[in-house]
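> Just a sequence and a predicted model for now, questions to come.
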Amino acid sequence: MNKKPPLIVILGYTGSGKTEWGIFLAKKFNGEIICADSRQIYKEMNIGTAKPEIEKEEIIDKEKAKIVKGVPHYLLDVLDLKKDYSAALFKKDAKRIAKKILKRKKIPFLVGGTYHYIQGVVENFEFPKVPPQKKLREKLSQKTEKELFLIYQKLDPEGAKLIEKENKRRLIRAIEVCIITKKTFFSQRKKGERDFEVLKIGIELRSKDLERKIKKRLDKMLKKGLEKEAKFLFEKYGKIPSLLTIGYKEWFPFFEGKIKRKEAIEEILKNTLDYVKYQKKWLKKDKEIHWCFKKKEAEELIKNFLKKCK
């Protein structure tokens with residue numbers, strides 16, 4: 001039986017340092033990075049998504065690559081904000097790019113916090129083929145995460161046990177598929193045969209350290225001009241689905257004069273910390289993840305993994 005090619009996944013909670021770890025490890029092991037981030041893929045959303053500083057853009061094997069600290073990053077800062085994107089499209093794009101990276105005798109690193117994007121590639125999921133329903137999405141996007149979850153729970157009780165409750169875009173997509181197909185969303189998502197040998201590395205942090213990092217990260221974003229960026233995007237696009245995300249959505253009531261600036265900032269911090277709790281609950285279910293406190297631990301895991309893949 002032929003050995004499958006390697007794919008290294010670096011994941012973790014919001015603010016844990018995935019970008020930094022990804023670049024460090026990719027440099028160590030002759031790797032290139034595929035960004036698994038459903039927000040960093042969009043142009044113009046820079047500060048609020050903690051997008052890394054891009055040095056330049058190159059075309060490598062007919063793929064757009066953004067160079068960050070000398071390392072090519074794919075599916076970063078490539079999509080217009082009004083465009084729809086999904087886990088199914090990400091799987092197709094990421095697999096194509098990973099195969100090209102491997103062909104050049106380099107190692108593909110899948111780095112990011114969008115877990116269902118990562119799992120789509122790892123498990124080679126077959127996703128329901130339902131095109132985006134614009135009017136339905138606009139209607140659903142006016143509802144809160146809690147309201148969306150209750151709608152989805154009625155349509156797909158089993159799927160509701162597994163979905164990320166705080167992921168608004170994910171909930172909207174799941175409801176959309178249930179309504180259009182008249183079948184449950186999770187019954188239509190089937191695992192395929194894996195295309196890669198996979199090593200998953202999770203960045204572990206003590207809760208107090210992670211909370212401190214998140215607060216520091218938010219302060220940095222505010223100093224960089226997060227409010228100004230959110231206002232510019234709100235005025236340009238309105239409440240489009242891609243902007244209904246932590247770091248942006250909390251500013252809308254402030255811009256409309258409904259709350260004070262301080263309240264908007266407090267809400268961003270609260271929502272980020274709540275989302276991290278959900279991420280922890282979700283990621284800890286995945287027994288394939290090797291949790292590492294230090295980069296050295298990850299290095300050893302990768303060395304041994306790549307030896308086995310030869």
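Received it, and whenever you're ready, just let me know what you need.
> Now do the helices in the chain.
According to DSSP state H, the chain carries its helices in the segments 18-28, 87-103, 115-122, 134-140, 145-155, 157-160, 168-181, 207-224, 226-237, 252-255, 261-283, 295-309.
> To Glu44, which of those helices lies closest?
Among those, helix 226-237 comes nearest to Glu44, with 6.2 Å by CB to CB. Every C-beta, even on glycine, is put in place using the N, C-alpha and C of the backbone.
> avg pLDDT for that closest one?
Per-residue confidence for helix 226-237 averages out to 96 on the pLDDT scale.
> Which strands and helices lie in contact with that helix?
Helix 226-237 is packed against helix 252-255, with contacts defined by 3 or more CB pairs under 8 Å, 6 or more residues apart in numbering; DSSP states H and E.
> Now do the helix it packs on, average pLDDT.
If you average the pLDDT over helix 252-255, you get 94.
> Residues in contact with that helix: which ones?
The set of residues external to helix 252-255 that reach it, using CB atoms under 8 Å, 6 or more residues apart in numbering, is 230-231, 234, 239, 259-261, 263-264.
> Show the end-to-end separation of stretch 48-62, please.
The distance separating the two terminal residues of stretch 48-62, taken as CA to CA, to the nearest Å, comes to 29 Å.
> Residues touching that stretch, excluding its own?
By CB under 8 Å, 6+ apart, the list of residues contacting stretch 48-62 from outside reads 15, 19, 23, 37, 39-40, 42, 45, 64-70, 72-73, 76-77, 100, 103-104, 217, 221, 226, 229-230, 245, 247-248.
> now do stretch 27-34
When contacts are defined by CB under 8 Å, 6+ apart, stretch 27-34 is touched by residues 8, 22-23, 25-26, 65, 68-75, 94, 97-98, 101, 105-111, 299, 302, 306.
> How far off centre is it?
Centroid separation for stretch 27-34 versus its chain: 19 Å, with CA atoms, centre = their mean, to the nearest Å.
> Compute the first-to-last residue distance for that stretch.
Across stretch 27-34, the straight-line distance between its terminal residues is 14 Å, by CA to CA.
> which of the residues in that stretch are buried?
Of all the residues in stretch 27-34, those buried under the rule 16 or more other CB atoms under 10 Å are 29, 31-34.
> What is the nearest of those residues to Ile268?
Distance to Ile268, by CB to CB, is smallest for Ile33 among the buried residues of stretch 27-34, at 26.7 Å.
> separation between that closest one and Lys95?
In this structure, Ile33 lies at 15 Å from Lys95, with CB to CB, to the nearest Å as the measure.
> Need the contact partners of the helix or strand of the chain with the lowest mean pLDDT.
Lowest on mean pLDDT, DSSP states H and E among the helices and strands of the chain sits helix 157-160, with a mean of 82. For helix 157-160, the surrounding residues in contact (CB under 8 Å, 6+ apart) are 149, 152-153, 174, 184-187.
> And for stretch 263-272?
14-15, 166, 214-215, 218, 222, 246-247, 250-251, 253-254, 259.
> pLDDT below threshold where in the stretch 1-150 of the chain?
When residues are selected by pLDDT under 70, those of the stretch 1-150 of the chain lie in 1-2.
> 50 instead, please
Across the stretch 1-150 of the chain, the stretches falling below the confidence threshold (pLDDT under 50) are 1.
> Okay then, goodbye and thanks.
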